[in-house]
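S.K.: Please find the sequence and the predicted model below.
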Amino acid sequence: MMNLNCRPGLNGAMPRVLGYSFMFFLYVSFVEYQLPNGFGWADYHAYRIFNAVEYLRVNGYFSSLSFSIWSSCRDCELKASAWEGKIYLSESALMFWPYIFLNHFFGKELFFFVGPLIDKAVIFLTGALVAELFLRQTNDSGQVFQSTLARWWIGCILAALFFTSAWSYQMYRAMWNEVWFLFFLLIAISLILKARIKTALFFVFLASFMHPISGLIFGFVYVVFLILSKVFDEAAVLKSFIPQSMIASKSILILSGIAAIPALILIVLRNVYTTVINYQASGSSLLVRVGVAGDDIHNGGILGALQFLGGQGLRFVYPA
């Protein structure tokens, strides 16, 4: 999936993969040693994910049209009657299908043990994909990128920056679905570069399914880019940003349409739930989630942005 040439010796990608693995293991082990409670899920995140998937297991995976609860309570009552009017509609719980599978077949204990390991694996693979795709795209950019040692060094630096960033640190503790979106999207890009379009479109759909809003934005950007290239008669610019196998307008529109489908499905399901099944639900509007509306005094403008950044910085120093 990562288009790795795993030949033995220094000419293949295997030495780089070993370098990525060593740095990832070193970083995780170091942080694990430094944190008194370990480097797994934060408690609030662990129970929030468990409650969401366990609610579906108890009440049926398509009860409430696949929407679930979003609460960090421990050992709480999960029957549907106890959560009437509190279903979380901002995202479908089916977006957590890896954790649904884990909880359904292996139970609560393995869920809490294996769940954080799954997140770490996705973060590692995403960082490796970032490094390998960068090296692939710069393969013909200059003599320095032809050096085996330079490619190993640059790849390891890129992977290390991804593994150890403050953003990734938050993902180890309470991963967001944006990481899953990026992971599947990078797989799709690597497949597009190999002209495996049908398989790539499947992974684009899977990426958007994991985070529908990101998929919708991704598809919108491609459509706008296509339109502007035609309005300004700059097809050459389009070719510089889109792989040759996807350069046709039809291909771009298909890609954008597939990326937008999960968001449209989510919107339809949410409207059906609120208008037909139960108009009461938990969640917040887009403007509230962005931080420019609501009763929270910290919402709005630069103050909200600074408060968010400050909160992330404090959590990095004093993890939950």
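M.R.: Here it is on my side, so go on.

S.K.: residue boundaries of the helices in the stretch 151-300 of the chain?
M.R.: 166-174, 177-193, 197-210, 212-231, 235-241, 249-272, 286-290 (DSSP state H, counting those that start in this stretch).

S.K.: so can I have TSV of those helices showing mean pLDDT and distance to Leu56?
M.R.: (C-beta placed from N, C-alpha, C; glycine too.) Converted to TSV, the helices of the stretch 151-300 of the chain look like this (pLDDT from 0 to 100; distance: least, Cβ to Cβ, whole Å):
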stretch	mean pLDDT	distance to Leu56
helix 166-174	89	20
helix 177-193	94	16
helix 197-210	95	16
helix 212-231	89	18
helix 235-241	74	40
helix 249-272	91	14
helix 286-290	58	23
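
S.K.: Looking at those, which is nearest to Phe62?
M.R.: Among the helices of the stretch 151-300 of the chain, helix 249-272 comes nearest to Phe62, with 10.2 Å by Cβ to Cβ.

S.K.: about what we covered before: dump the helices of the stretch 151-300 of the chain into a markdown table; add mean neighbour count and distance to Phe96 as well.
M.R.: What follows is the helices of the stretch 151-300 of the chain, written out as a markdown table (neighbours: other Cβ atoms under 10 Å; distance: least, Cβ to Cβ, whole Å):
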| stretch | mean neighbour count | distance to Phe96 |
| --- | --- | --- |
| helix 166-174 | 17 | 13 |
| helix 177-193 | 21 | 8 |
| helix 197-210 | 20 | 9 |
| helix 212-231 | 17 | 13 |
| helix 235-241 | 11 | 33 |
| helix 249-272 | 17 | 14 |
| helix 286-290 | 12 | 18 |
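
S.K.: would JSON lines of these with distance to Phe30 be doable?
M.R.: Output for the helices of the stretch 151-300 of the chain, formatted as JSON lines (distance: least, Cβ to Cβ, whole Å):
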{"stretch": "helix 166-174", "distance to Phe30": "12"}
{"stretch": "helix 177-193", "distance to Phe30": "21"}
{"stretch": "helix 197-210", "distance to Phe30": "29"}
{"stretch": "helix 212-231", "distance to Phe30": "31"}
{"stretch": "helix 235-241", "distance to Phe30": "38"}
{"stretch": "helix 249-272", "distance to Phe30": "37"}
{"stretch": "helix 286-290", "distance to Phe30": "34"}
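
S.K.: which one of those helices lies closest to Leu89?
M.R.: Once the helices of the stretch 151-300 of the chain are compared by Cβ to Cβ, helix 249-272 is nearest, at 5.0 Å.

S.K.: before we move on, the earlier item: so which of the helices of the stretch 151-300 of the chain comes closest to Asn51?
M.R.: Nearest to Asn51, of those and by Cβ to Cβ, is helix 166-174 at 14.0 Å.

S.K.: now the angle between helix 177-193 and the closest one, please.
M.R.: 120 degrees (axes from the mean of the first three to the mean of the last three Cα atoms, to 10 degrees).

S.K.: how about the strands of the stretch 51-200 of the chain, start to end?
M.R.: Taking DSSP state E, counting those that start in this stretch to define them, one finds no strands in the stretch 51-200 of the chain.

S.K.: Low-confidence ranges, it, go.
M.R.: Residue ranges of the stretch 51-200 of the chain with pLDDT under 70: 139-146.

S.K.: could you give me the average pLDDT of the helix or strand hosting Ser29?
M.R.: Per DSSP states H and E, Ser29 falls inside helix 14-34. Averaged across helix 14-34, pLDDT comes to 92.

S.K.: so what secondary structure elements neighbour that helix?
M.R.: If you count contacts as 3 or more Cβ pairs under 8 Å, 6 or more residues apart in numbering; DSSP states H and E, helix 14-34 packs onto helix 97-137, helix 148-164, helix 166-174.

S.K.: And the last one, what does it pack against?
M.R.: Contact analysis of helix 166-174 by 3+ Cβ pairs under 8 Å, 6+ apart lists helix 14-34, helix 43-59, helix 97-137, helix 301-317 as its packing neighbours.

S.K.: Restrict it to CA atoms and write it as PDB.
M.R.: Provided in PDB are the C-alpha atoms of helix 166-174 (Å, rounded to 0.1, in the frame of the first residue of the first chain):
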ATOM      1  CA  ALA A 166       2.400  17.900  19.600                       C
ATOM      2  CA  TRP A 167      -0.600  17.200  17.400                       C
ATOM      3  CA  SER A 168       0.400  13.500  17.200                       C
ATOM      4  CA  TYR A 169       0.900  13.400  21.000                       C
ATOM      5  CA  GLN A 170      -2.800  14.300  21.300                       C
ATOM      6  CA  MET A 171      -3.700  11.500  19.000                       C
ATOM      7  CA  TYR A 172      -1.900   8.900  21.100                       C
ATOM      8  CA  ARG A 173      -4.000  10.000  24.100                       C
ATOM      9  CA  ALA A 174      -7.300  10.600  22.400                       C
END
